[in-house]
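Novice: Next input, structure requested:
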Amino acid sequence: LLGATVKVRDWDAGVTRALADAASRAVDLPLEVTAARGAPSTLCRIEVDPVEGWAFEAAEQALKPGGTVTLAVRAQTAAGPKEFFALPVVCTFSGDGWRIRTRHALPLLTEHRLCQWVAAGPFEGAVPKGSGNRPWQVLTNATVHGEMPLGAVFGPRKPGQSAVACAVLRVARPVALTLHVRGPVRLFVDGRRVGTSMPRGEWGSVLLEPGDRVLRAEVPPETKGEWTFKVFGRFSRACAPGDFTVLPAVEAAGMGALLDGR
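Specialist: Sure thing, here's the model as predicted:
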């Protein structure tokens, strides 16, 4: 039996940079293929179904029984914000007198970090509704770990201060999304809390309906420490290209009515 598995490498610096870049750029997508120990001599060819705005080159390599090989699929990313989607991969396995074709939906990253935010603050005391009549400021200078340092916009945090940051999620088709949060923030989608304040409650799942959805991260005054936070998501493998996009922060900054209304 072939017993082959296909997946995207758990983390790759080049892919992470390419997806964070608004420009179109070339990148190698590392796909790992593993064959069972008793597998016959097999050639694996990987192709990607058309994705609007993207271009892909096929890759092929001989598999090693019981081993894992990495096939680098050359891609040219689309310009603009990169959708969170599962890569529609077609694998053709062939050997002496036989051929098998399989399809796979592969997320490009295991941890999709949200790094396009606008922020308002700082406030003394409770977090106000909307922006509290403060201007929305672009916050995109994420750390290498995907953390968003509010201190880069507001300076060092003082005791009792609060702040808010928002991201706009553009949804074309219903998308199931699991959000994880790190840091002293409470997370909301269109005003509904995601996760809890309980231990291990820093994640929650939500079904995003079509339209522009506001993801809001609030730093309440009772939390302590620096106001650095991180939000990342994992979505259903049914998420197709174009279903879900995080708008650039510079575009979200001009959507004050939407941000203040959610």
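
Novice: Low-confidence bits of this protein, can you list those?
Specialist: Filtered on pLDDT under 70, the chain yields the residue ranges 1, 83, 197-201.

Novice: and the longest helix for it?
Specialist: When the chain is parsed with DSSP state H, its longest helix is helix 13-20.

Novice: What lies in contact with the helix or strand following it?
Specialist: Next along the chain after helix 13-20, taking DSSP states H and E as the criterion, comes strand 26-34. Contacts to strand 26-34, defined as C-beta atoms under 8 Å, 6 or more residues apart in numbering, come from residues 4-9, 12, 14-15, 17-18, 44, 46, 59, 61, 63, 67-77, 87, 89, 91, 106, 108. Using the backbone N, CA and C atoms, a C-beta is placed for each residue, glycine as well.

Novice: Quick one, which of the residues you listed are buried?
Specialist: Neighbour counting with 16 or more other C-beta atoms under 10 Å marks 4, 6-8, 12, 15, 18, 44, 46, 59, 63, 71, 73, 75, 77, 87, 89, 91, 106, 108 as buried within the contacts of strand 26-34.

Novice: The residue most central in space within the chain: what's it in contact with?
Specialist: What sits nearest the mean C-alpha location of the chain, by C-alpha atoms, centre = their mean, is residue 112, with 2.3 Å. Contact analysis of residue 112 by C-beta under 8 Å, 6+ apart lists 84, 232-235.

Novice: Residue 179 belongs to a strand?
Specialist: Yes. Per DSSP: H, G, I helix; E, B strand; the rest coil, residue 179 lies within a strand segment.

Novice: start at 45 instead
Specialist: Sounds good: first residue 45 from here, last item residue 223.

Novice: picking that back up, the longest helix of the chain - contacts with which helices or strands?
Specialist: Here helix 57-64 touches strand 70-78, going by 3 or more C-beta pairs under 8 Å, 6 or more residues apart in numbering; DSSP states H and E.

Novice: make it 10 Å
Specialist: strand 70-78, strand 112-120, strand 156-157 (3 or more C-beta pairs under 10 Å, 6 or more residues apart in numbering; DSSP states H and E).

Novice: Let's have these in a markdown table, adding distance to residue 97.
Specialist: What follows is the helices and strands packed on helix 57-64, written out as a markdown table (distance: least, C-beta to C-beta, whole Å):
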| stretch | distance to residue 97 |
| --- | --- |
| strand 70-78 | 14 |
| strand 112-120 | 9 |
| strand 156-157 | 18 |
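
Novice: For this structure, which segments count as helices?
Specialist: Assigned by DSSP H, the chain shows helices spanning 57-64, 195-198, 293-296, 300-305.

Novice: Can I get the first one as PDB, trimmed to CA atoms?
Specialist: Going back to what we said before, that points to helix 57-64. Taking Å, rounded to 0.1, in the frame of the first residue of the first chain, the C-alpha atoms of helix 57-64 are listed here in PDB:
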ATOM      1  CA  ALA A  57       9.800  31.900   6.900                       C
ATOM      2  CA  GLY A  58       9.500  32.500   3.200                       C
ATOM      3  CA  VAL A  59       5.800  31.600   3.000                       C
ATOM      4  CA  THR A  60       5.100  33.700   6.100                       C
ATOM      5  CA  ARG A  61       6.800  36.800   4.600                       C
ATOM      6  CA  ALA A  62       5.100  36.300   1.200                       C
ATOM      7  CA  LEU A  63       1.700  36.200   2.700                       C
ATOM      8  CA  ALA A  64       2.300  39.300   4.800                       C
END
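
Novice: That helix versus strand 112-120: what angle between them?
Specialist: 30 degrees (axes from the mean of the first three to the mean of the last three C-alpha atoms, to 10 degrees).
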